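Student: Please work out how this folds:
(one chain, ligands or ions: 1)
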Amino acid sequence: MGKVLVLYDSRTGNTEKMAYLVAEGAKRVEGIEVRIKKVDDATREDVLWADGLAVGSPTHMGIISWKLKKFFDEELGELWGEIDGKIACAFSSSGGWGGGNEVACMSILTVLMNFGFLVFGVTDYVGKKFTLHYGAVVAGEPRSEEEKEACRRLGERLAQYVAIFFDGKKELLERIRTFEGKFKD
Ligand SMILES: Cc1cc2nc3c(=O)[nH]c(=O)nc-3n(C[C@H](O)[C@H](O)[C@H](O)COP(=O)(O)O)c2cc1C
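Tutor: Sure, this is the predicted structure:
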């Protein structure tokens, strides 16, 4: 049974709200176990447990928060080179649009790649002119249905990939590629 960890940092609750939506999306996939952890409470065991990780950070100076960076440096550092091959993705809340939330996702993905994780973006449009190619991004808290669905879709896609690559459910890949709700005008 595939396992998904939603790991996040949040000072004022916005990224936390995204994290719960990401977890909700992951639960759409049958047979996937979902665990959600704030970085302050997370341990290396949580990461060892997971087949897939969604990592969410508030956009801080355009990059990952120091707490998450510290977690990867210090809590996981010793495991570097021994935990390759997990599937991973990113999400971020910034103060404003243009404030660097996608850049922050890229900085999260850089860290995840450095650990040998298989990172991905999502090609779906969850609303008119609304997508999540580098991860789910929001300014402030997720408010609109598109913003919420972007978070859910990220978690769902992570869980689908975990089911495909860890639980051998290869037929799901074709379903992702031909999913009718993938593109919206
Ligand atoms: C130290 C610090 C740095 C920040 N840097 C940025 C930034 O570069 N760009 C931006 O748009 N917002 C920035 N913000 C605002 C937060 O990204 C924003 O308020 C976010 O929604 C907070 O998420 P949270 O509620 O999960 O902590 C910064 C906030 C702090 C505290």
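Student: how deep is Met113 tucked in, by neighbour count?
Tutor: 12 (other Cβ atoms under 10 Å). (Each C-beta comes from the backbone N, C-alpha and C, glycine too.)
Student: so it touches Val119, yeah?
Tutor: Yes - using Cβ atoms under 8 Å, Met113 is in contact with Val119, at 5.6 Å.
Student: Select the longest helix from the protein.
Tutor: Under DSSP state H, the helix in the chain containing the largest number of residues is helix 145-166.
Student: what stretches of the chain score poorly on pLDDT?
Tutor: For the chain, applying pLDDT under 70 flags the ranges 185.
Student: What residues does it have near the ligand?
Tutor: Taking Cβ under 6 Å from any ligand atom, the part of the chain that reaches the ligand is made up of 10-16, 58-62, 93-96, 99-100, 140.
Student: what's the neighbour count on the residue of the chain found nearest the ligand?
Tutor: Using Cβ to the nearest ligand atom, Gly99 is the residue of the chain that sits closest to the ligand, at 1.9 Å. Applying other Cβ under 10 Å, we find 17 other residues in the vicinity of Gly99.
Student: now swap in Leu172 and tell me
Tutor: Using other Cβ under 10 Å, Leu172 is surrounded by 17 other residues.
Student: got a list of what it touches?
Tutor: Leu172 makes contact with 160, 163-164, according to Cβ atoms under 8 Å, 6 or more residues apart in numbering.
Student: Go ahead and confirm the residue of the chain closest to the ligand touches Ala139.
Tutor: Yes - applying Cβ under 8 Å, one finds Gly99 in contact with Ala139, separated by 6.9 Å.
Student: Which parts of the chain are strands?
Tutor: Counting by DSSP state E, residue ranges of the strands within the chain are 3-8, 33-38, 52-58, 87-94, 118-119, 122-127, 130-132, 136-139.
Student: Need the nearest residue in space to Phe130, chain neighbours excluded.
Tutor: In this structure, Phe130 finds its nearest non-sequential neighbour in Glu146, 4.2 Å apart by Cβ to Cβ, 6 or more residues apart in numbering.
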